[in-house]
Each structure stands twice: as C-alpha cells, then as structure tokens.
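**Q** Build me a model from this:
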Amino acid sequence: MSEPSYLIRLASPDDDDFILGLVPRFVDFPLPAWRRRNECIEGIRRDISSHLEDQPANSFMFIAEDPEDGRPLGFVHLQKVQDFFNGRTNCHISDLAVTPGEEGRGIGRALLEHSQAWAREHHCHILTLAVFPGNERARKLYETSGFGVDLLRMALPLR
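**A** Below you'll find the predicted structure:
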C-alpha cells in the first residue's frame, strides 16, 4: 500500500486561524519539569503570530491539505538561517504540527519530505529542527527520516 499524497501549498492569511489553532500540539506531551505548558503555548503563539503578521523574508509557512476536500491537515514553518559555524545557508523547521486525530496518516512525513525538497531547491546545506525530549512520537518520525543530533541544548533552572 502506498503512502497517501497530500497537497502542500504556501499558507495564505486565510490559514492563520488554522495554524494558530494547532499551537497546543507543540506541548501535548511531557515537558521538562521547569517548563510551564501555558508559558510555552503563549511563547509559541507569539512567535508564530509574529511571522504570520510580519512575513519576514526568511520565513515560509506551508499547509498540507486533503487533496479530495481541501481540508487543512497540518503545517510546517521553514526558516532560512545562516550556519553559526560556517556561514552557509541552512533551513530550520521552526514548527511542524498535524491536526489532532490525523496522526499516523503520513502527513508529518509528507511535510518533512516537502521541507527537504524545498531546502535542496533553495541550496540549503543542512535541515535542522528542535524537539522536546518528551515528544517521543515526533522524535521517532525525525529519527526514521534521517535526522540525528547535531547540538544538544541542556538547561539548568536557576531558582
């Protein structure tokens, strides 16, 4: 059985509510003890809202939709960034989310494959992303898609 195909297109202002409605998905798993769910949601919402409103030149949002009924199923937010170490252009997956209840249908994988193709087309050297350790479902998808640890960010809460 082949993977279903999804239409992936640039987001439009009509997609803003859909994208922002998926923000809680970014903390729908165990968070580090020092992270507060509501603070994470508000921080992510502010960041995404800023990109939607300002439309920076290095920021690109894509929507995956059902090819039969046009229903949005997920989104990915890509950013072109400069590599800290060598200055080359990289692509960073800032956000990737799938609608609740649609997991396991290949939507996340389709968005990752689109991200890889887009990054290659735009002459990026590395595709990066960050993921919370407790987001096991996403980590598994990323690892099976070929992602590996580049830098490991560690935290020490100072209370």
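**Q** low pLDDT regions in this structure?
**A** Residue ranges of the chain with pLDDT under 70: 1-3.
**Q** ranges for the strands of it?
**A** For the chain, the strands defined by DSSP state E occupy 7-10, 59-65, 72-82, 89-98, 127-129.
**Q** Mind listing what's buried along the first one?
**A** Within strand 7-10, the residues that qualify as buried by neighbour count (16 or more other CB atoms under 10 Å) are I8. All C-beta atoms are positioned from the backbone trio N, CA, C, and that covers glycine.
**Q** Which strands border that strand, and is each parallel or antiparallel?
**A** The strands that strand 7-10 pairs with in its sheet are strand 59-65 (antiparallel) (by DSSP bridges).
**Q** what do you get for the longest one?
**A** Each strand that pairs with strand 72-82, with its direction, by DSSP bridges: strand 59-65 (antiparallel), strand 89-98 (antiparallel).
**Q** still on that earlier bit, Serialize the strands of the chain to a markdown table and add fields for distance to R159.
**A** Putting the strands of the chain into a markdown table (distance: least, CB to CB, whole Å) gives the following:
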| stretch | distance to R159 |
| --- | --- |
| strand 7-10 | 43 |
| strand 59-65 | 34 |
| strand 72-82 | 32 |
| strand 89-98 | 29 |
| strand 127-129 | 29 |
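**Q** so which of the strands paired with strand 72-82 gets nearest V23?
**A** Between V23 and these, the shortest gap by CB to CB is with strand 89-98, which sits at 7.8 Å.
**Q** Save the strands paired with strand 72-82 as CSV, and put in distance to L151 and mean neighbour count too.
**A** Below are the strands paired with strand 72-82 laid out as CSV (distance: least, CB to CB, whole Å; neighbours: other CB atoms under 10 Å):
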stretch, distance to L151, mean neighbour count
strand 59-65, 22, 20
strand 89-98, 12, 21
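**Q** Any chance of CSV for the ones you listed, columns distance to F18?
**A** What follows is those, written out as CSV (distance: least, CB to CB, whole Å):
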stretch, distance to F18
strand 59-65, 7
strand 89-98, 10
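**Q** and of these, who's closest to G134?
**A** Nearest of the strands paired with strand 72-82 to G134, taken as CB to CB: strand 89-98 at 15.7 Å.
**Q** ok, residues contacting that closest one?
**A** Defining contact as CB atoms under 8 Å, 6 or more residues apart in numbering, one finds that strand 89-98 is touched by 22-23, 25-26, 44, 47-48, 51, 59, 64, 73-83, 107-108, 111-112, 115, 118-119, 122-129, 138.
**Q** ok, now with 7 Å
**A** For strand 89-98, contacts defined as CB atoms under 7 Å, 6 or more residues apart in numbering pick out 22, 25-26, 48, 73-83, 107-108, 111, 115, 119, 122-129.
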